[in-house]
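Q: got a structure for you, letters missing:
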Ligand SMILES: Nc1nc2c(c(=O)[nH]1)N[C@H]1C(S)=C(S)[C@@H](COP(=O)(O)OP(=O)(O)OC[C@H]3O[C@@H](n4cnc5c(N)ncnc54)[C@H](O)[C@@H]3O)O[C@H]1N2
Ligand code: MOO
């Protein structure tokens, strides 16, 4: 079994085994946050006709006229109507924002620069030919590239698809992820706490992370530290793309996940990664499904979710770019315990002096969840780095989903 991998090696192995979710068609209203499954091209020109961006008068300008112009108003064109009447020299159409330009007209003067006099309009400040006309296809011509596969559909992207008349969209199926927490010490919130027990938090953290990442989650009840129940929980999760568990990942007699995954028939891709917190993470594969056994320590589970599980989810979801964004940060505080092991410090992103500062305030123990709350960064401290000084520049990952 491969063990003690570098994070980058571990990720490469994981990503080489991920299957992209199949595609399906959904209605636009169900498309928010979903990932496009294929490239889309514009089925029409937008706008579909030359239109006025102003309320005013459309007329035919030959060249810029020096003084005021008197024109005869021969028609009125509200938005949504279709003008048939050609505008000849010396004529104008009263036109409204969003309305099609009438044939013959080549410019629009805004209402404020005109005076209406009986059936005429006096244009106080004449405009050049072409002024205030949004040409047909100004945004996109028919057949132009609209959006690429792998795009997460933001509200603006869904609006764009609607603007092109697309009412159904090809998207990837949401990754379906099975989750359970393992540990005989665990009790669910709301139940009385017996001696030696603690409340389960990991299932809730994971559920939130997975939902926010656009997954469908199949949550199983707590599993005690017994192999029979662990195997049963794995068998109950065969209709998913991936399984994420926490607890029982380490070397103790009651740490049953790696050996249960093996007994279940998984190929173990690796066990243990050279990072802290979350060293004992184990990843297996069976029948195209990936199994992530993460440490039970709440902060360790969250950190390894970000570093190992999220890239796999992103690839499965069909996103163009699975790996996290790493960038330079300046440390707003020090960290005394720089050790032999590579470590990820959770830190708060603070914008100061046009720079992202990373504030690692709060205890960094792998069992401490409080210092993950309101934190956006995982600062990468290389193995053997020694104590981190305030003001030092290091690299960090942004936690959570990101879109370019
Ligand atoms: N002899 C060694 N002991 C340990 C090693 C080692 O290398 N040699 N590694 C340590 C490291 S590092 C970690 S991390 C932990 C990971 O252990 P497990 O993945 O087996 O996790 P558990 O022992 O099940 O739990 C650890 C800790 O977290 C609490 N926990 C578990 N599940 C939950 C949950 N769902 N919600 C809240 N808290 C949870 C659990 O009660 C433990 O306190 O192993 C070290 N040991
Ligand atoms: O790898 Mo563990 O999460 O540090 O204690």
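A: Noted; the coordinates are in hand. None of these values were measured; they are calculated from a predicted model. Ligands and ions are numbered 1, 2, ... in the order given.

Q: List the buried residues of stretch 302-316.
A: 302-316 (16 or more other C-beta atoms under 10 Å). All C-beta atoms are positioned from the backbone trio N, CA, C, and that covers glycine.

Q: just the residues you listed now: which is nearest ligand 1?
A: residue 304 (9.1 Å; C-beta to the nearest ligand atom).

Q: which ones are touching the closest one?
A: Residues near residue 304 by C-beta atoms under 8 Å, 6 or more residues apart in numbering: 273, 277-278, 281, 292, 294-295.

Q: coming back round to it: the buried residues of stretch 302-316: which ones sit near ligand 1?
A: The overlap between the buried residues of stretch 302-316 and the neighbours of ligand 1 (C-beta under 6 Å from any ligand atom) is empty.

Q: Tell me the one among those residues nearest to residue 262.
A: Of all the buried residues of stretch 302-316, residue 308 has the smallest distance to residue 262: 18.6 Å, by C-beta to C-beta.

Q: Specify the local secondary structure of that closest one.
A: helix (DSSP: H, G, I helix; E, B strand; the rest coil).

Q: where in the stretch 1-150 of the chain is pLDDT low?
A: Scanning the stretch 1-150 of the chain for pLDDT under 70 picks out 65.

Q: can you pull out the helices in it?
A: Along the stretch 1-150 of the chain, counting by DSSP state H, counting those that start in this stretch, helices occupy 7-16.

Q: contacting residues for residue 211?
A: Contacts of residue 211 (C-beta under 8 Å, 6+ apart): residue 217.

Q: Could you check how far it is from ligand 1?
A: 17 Å (C-beta to the nearest ligand atom, to the nearest Å).

Q: What of residue 204?
A: Residue 204 is 8 Å from ligand 1, by C-beta to the nearest ligand atom.

Q: Check the secondary structure at the closest residue to that residue other than its chain neighbours for me.
A: Sequence neighbours aside, residue 189 is the residue nearest to residue 204 in space, at 7.9 Å (criterion: C-beta to C-beta, 6 or more residues apart in numbering). Assigned with three-state DSSP, residue 189 falls in the coil class.

Q: neighbours of residue 189, just the number please.
A: By other C-beta atoms under 10 Å, 10 other residues sit near residue 189.

Q: Contact partners for it?
A: Taking C-beta under 8 Å, 6+ apart as the test, what residue 189 contacts is 199-200, 204.

Q: quick revisit: can you name the two of the contacts of residue 304 that sit furthest apart?
A: Top of the distance list for the contacts of residue 304 (C-beta to C-beta): 277 and 292, 15.2 Å.

Q: Looking at these two, which is more packed in?
A: residue 292 (27 against 24).

Q: so which helix or strand takes in the more buried one?
A: strand 289-294 (DSSP states H and E).

Q: That strand near ligand 1 anywhere?
A: No - Strand 289-294 lies out of reach of ligand 1 by C-beta under 6 Å from any ligand atom, never closer than 7.1 Å.

Q: starting at the chain centroid, how far to that strand?
A: Mean C-alpha position of strand 289-294 versus that of the full chain (C-alpha atoms, centre = their mean, to the nearest Å) differs by 22 Å.
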